[in-house]
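Trainee: Structure of the sequence below:
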Amino acid sequence: MTHAAALPPLTVAWPLLGAVLLAGPGRWLPRTAADALATTWAAAQLALLAVLWSAAGDGRIISWVAAWTPVGGHGVGIVLAADRTGAGLALLAAALVLAALGYAWRYFDEPEAERGHGGAFPALLLLFEAGMCGFALTGDLFDAFVFFELMGVAAYALTAYRVEEPRPLQGALAFALTGSVAGYCALLGTGLLYARTGELALARIGEELGARPAGPVAAAAFALIATAMLVKAAAVPFHFWLPDAHSEAPSPVCMLLSGVMVELGLYGLLRVYWTVFSGPGGIPAEAFRTTFLVVGALTALTGGVLCWQQRHLKRMLAHSTVGHMGLFLCATALLTPAGTAGAALYVLGHAGAKAALFAVVGVLLDRFGSVDEHGLYGRGRGLPAAAALTLAGALALAGLPPFGTGLGKAVAEHAAAGAAPWLLPLFLLVPALTAGAVLRAGLRVFAGAGTPPRQRHAGPETTGSGEEPEVRDPRRGVPHVMLAVPALLLAGSLAVGLLPGIARSVARAAARFCDPAGYAAAVAGRTAAAPGPPVPEAGWTAQGVLLGLACALLAAALAAAALWGPALTGPAAGAVRAAAGRATGFAVVPLRRLHSGHVGDYVTWLAAGLAALMVVFTLTA
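Mentor: Numbering: from 1, shown residues only. Below you'll find the predicted structure:
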């Protein structure tokens, strides 16, 4: 095995080893020592992945674990295939894990740490990282399922980190049960493909399916695997777990769930489609495109509308993630390198902005024991740094140039202009709704802007009042690291939009990602028969800049209307409020009622979504 080929398995094994050390001997370390060890370990993992990403270049690094290479074109070994898209997502996961570990220094209840549990939280984070990196790098379908489950189990445990409290336990159970059903779907789909092809390597399955006529078995397998990935990606109607999990998970965990984990679900869907089902024996491109453009549009609208209606700050950001995931899905469903490049840039910019906003919400929870927008009215006036970070994060969500979100949105809009121009209003409205909600909340909390909100009775899962602080030392000031980390994350989001080298690398990676023949040839150790698709343009355009500015202005207008509109009088203002009330009653109230908090309802919707995908893809097979 060459030095480069040794890197993919090492980047999976390294965080696993760190988790073992922290969960074992690390239990007897002081909290500061455990945090230092975990942070150093995560920094080394980030360096390893940076080397892997650089070494991948414009090709792919193939590693057959333990040298179990194929014989006669057939293999039983485990293959890891690192290209710049997979390695880049793993690198993003490592960066956010390092940020979460830095943010969480002395974050939780200190007396608990002194009792000898200082390594539990960082050990779970490293275990989570191992699952994410393995999932991003694997070229084997069964091992994708294994890493899918490892990632899920660690995420469930992190969500219920304060397991002695009922609400985190309830959120984690909803997350775990829907995630477990998704895992069963993935395993069943994998079994169907293995029965049909006798292969587990993604590239080999794709070649075997391509030599056979399309049929209902392949269609059913894709529907099952797609359902599992869409649950992880929080796409409608598989998204119900996400607001419950985010509202109860510790803030550093939310940074990872929204910043990279749900995006890995979308990556898994696209990786499996391109390498396995994009050939003649799989799913027709038009069926995939139409289906997931519809799913993406519904997801984006649902997330945007529900984000605007939230006053629980964590739920607000969670629904914002749902809305943006819908946009990512729409861009990638175009099945073009340009759409994929736009989505990848958008994901990079969004990760920094969303993780930073969750970090600021953690500061509010630390200071005031609440994440209720109305209850926090004017109480954040003494936190100017947090206010500035919230403003920057909201503008990033709106896609304001030069943030990376704006660049990704611009590239995706350009890709959609010819293939699906009806997406352009969606790319304007949904970011404006999510950014407007964050602006509205930030101005209320940090500036006391607008008319004082009316205090209406609602459950704690809606208001965000009465939350348990995640740091239990009210005498101290806000630790500098809790403000430095979101500042660095937002700087990273800016770098994606400002550094043209990043955009060029992402564009080249997107072209390779949309080249299943080249992927299969690299795994088999042969030269590709034909060159891959051309590298798309991925830079700022005048139209993209103007649409980004328009989106930010619309977000500001929406926030201003929400803050100062209730104080306006006159027939016109009354008519507008009445129309808004009717729209809320017609569209928003039913959507909110669907989020019942009952896991049985969530699993029912999951089953309904699976049935719909089964019907669609079976009919088009």
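
Trainee: all contacts plus neighbour counts: C-alpha atoms, from now on.
Mentor: OK.

Trainee: what's the next secondary structure element after the lowest-mean-pLDDT helix or strand in the chain?
Mentor: The helix or strand of the chain with the lowest confidence, counting by mean pLDDT, DSSP states H and E, is helix 110-112 at a mean of 46. Following helix 110-112 in sequence order, the next helix or strand is helix 120-137 (DSSP states H and E).

Trainee: Alpha carbons of that following helix, in PDB - could you do that?
Mentor: The C-alpha coordinates for helix 120-137 follow below in PDB (Å, rounded to 0.1, in the frame of the first residue of the first chain):
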ATOM      1  CA  ALA A 120     -17.300  11.300  28.000                       C
ATOM      2  CA  PHE A 121     -18.400  14.200  25.900                       C
ATOM      3  CA  PRO A 122     -15.200  14.600  23.800                       C
ATOM      4  CA  ALA A 123     -15.100  10.800  23.300                       C
ATOM      5  CA  LEU A 124     -18.600  10.800  21.900                       C
ATOM      6  CA  LEU A 125     -17.600  13.700  19.600                       C
ATOM      7  CA  LEU A 126     -14.600  11.800  18.200                       C
ATOM      8  CA  LEU A 127     -16.800   8.700  17.700                       C
ATOM      9  CA  PHE A 128     -19.300  10.900  15.800                       C
ATOM     10  CA  GLU A 129     -16.400  12.200  13.700                       C
ATOM     11  CA  ALA A 130     -15.200   8.700  12.900                       C
ATOM     12  CA  GLY A 131     -18.700   7.800  11.600                       C
ATOM     13  CA  MET A 132     -18.900  10.900   9.500                       C
ATOM     14  CA  CYS A 133     -15.400  10.500   8.000                       C
ATOM     15  CA  GLY A 134     -16.000   6.800   7.200                       C
ATOM     16  CA  PHE A 135     -19.300   7.600   5.600                       C
ATOM     17  CA  ALA A 136     -17.800  10.300   3.400                       C
ATOM     18  CA  LEU A 137     -14.800   8.100   2.300                       C
END
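
Trainee: Which secondary structure elements does it sit against?
Mentor: Other helices and strands packing on helix 120-137, by 3 or more CA pairs under 8 Å, 6 or more residues apart in numbering; DSSP states H and E, are helix 3-23, helix 31-56, strand 79-82, helix 84-103, helix 141-159, helix 262-272.

Trainee: Confirm for me that residue 304 is in contact with residue 434.
Mentor: Yes. Counting by CA atoms under 8 Å, residue 304 touches residue 434, with 5.7 Å between them.

Trainee: what's the overlap in contacts for these two?
Mentor: 320, 323 (CA atoms under 8 Å, 6 or more residues apart in numbering).

Trainee: which residues touch the spatially closest residue to residue 394 that is not a sequence neighbour?
Mentor: Distance criterion CA to CA, 6 or more residues apart in numbering; nearest residue to residue 394, sequence neighbours excluded, is residue 435 at 4.8 Å. Taking CA under 8 Å, 6+ apart as the criterion, residue 435 is in contact with 394, 395, 396, 397, 398, 552, 555.

Trainee: Just send those back as TSV, with secondary structure too.
Mentor: As requested, these are exported to TSV (DSSP: H, G, I helix; E, B strand; the rest coil):
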residue	secondary structure
394	helix
395	helix
396	helix
397	helix
398	coil
552	helix
555	helix
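
Trainee: for these, which one is nearest residue 328?
Mentor: Ranked by distance to residue 328 (CA to CA), the contacts of residue 435 are led by residue 397 at 13.2 Å.

Trainee: okay but that closest one is in contact with residue 433, surely?
Mentor: No. Using CA under 8 Å, residue 397 is not in contact with residue 433; the gap is 9.5 Å.

Trainee: So for those two, which sits in the more crowded spot?
Mentor: Ranked by neighbour count (other CA atoms under 10 Å), residue 397 and residue 433 place residue 397 first, with 33 against 30.

Trainee: which residues does the more buried one contact?
Mentor: 350, 353, 354, 405, 431, 432, 434, 435.

Trainee: Can you select the buried ones from those residues in ChimeraX?
Mentor: Written as a ChimeraX command, the selection of buried residues from the contacts of residue 397, which uses 16 or more other CA atoms under 10 Å, is:
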select :350,353,354,405,431,432,434,435
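
Trainee: between the contacts of residue 397, which is nearest residue 81?
Mentor: Nearest to residue 81 among the contacts of residue 397, with distances taken as CA to CA, is residue 350, at 25.7 Å.

Trainee: Roughly how far does that closest one sit from residue 557?
Mentor: Relative to residue 557, residue 350 is positioned 22 Å away (CA to CA, to the nearest Å).

Trainee: Please apply the same query to residue 406.
Mentor: 18 Å.

Trainee: what does residue 261 give?
Mentor: From residue 261 to residue 557 the distance is 32 Å (CA to CA).

Trainee: what about those two, which has more around it?
Mentor: residue 261 (24 against 15).

Trainee: got a list of what the more buried one touches?
Mentor: Residue 261 sits in contact with 93, 132, 232, 233, where contact means CA under 8 Å, 6+ apart.

Trainee: Identify the residue nearest the second one in space, chain neighbours excluded?
Mentor: Here the nearest residue to residue 132 in space, its sequence neighbours aside, is residue 151; by CA to CA, 6+ apart that works out to 5.9 Å.

Trainee: So the one you found is in contact with residue 125, correct?
Mentor: No. With contact defined as CA under 8 Å, residue 151 does not reach residue 125; the gap is 9.9 Å.

Trainee: Among the two, which residue is more densely surrounded?
Mentor: residue 125 (28 against 22).

Trainee: Give the full set of residues in contact with the residue nearest to that one when sequence neighbours are not counted.
Mentor: Leaving aside its sequence neighbours, residue 125 sits nearest to residue 97 (CA to CA, 6+ apart; 6.9 Å). Applying CA under 8 Å, 6+ apart to residue 97 gives the contacts 42, 125, 126, 129, 256.

Trainee: and the residue nearest to residue 394, what element?
Mentor: helix 423-447.

Trainee: Please enumerate residues in contact with stretch 242-252?
Mentor: So stretch 242-252 is contacted by 100-101, 103-104, 158-161, 167-168, 171-172, 174-175, 234, 254, 257, 314-315, 318-319, 358-359, 361-362, 461, 470, 597 (CA under 8 Å, 6+ apart).
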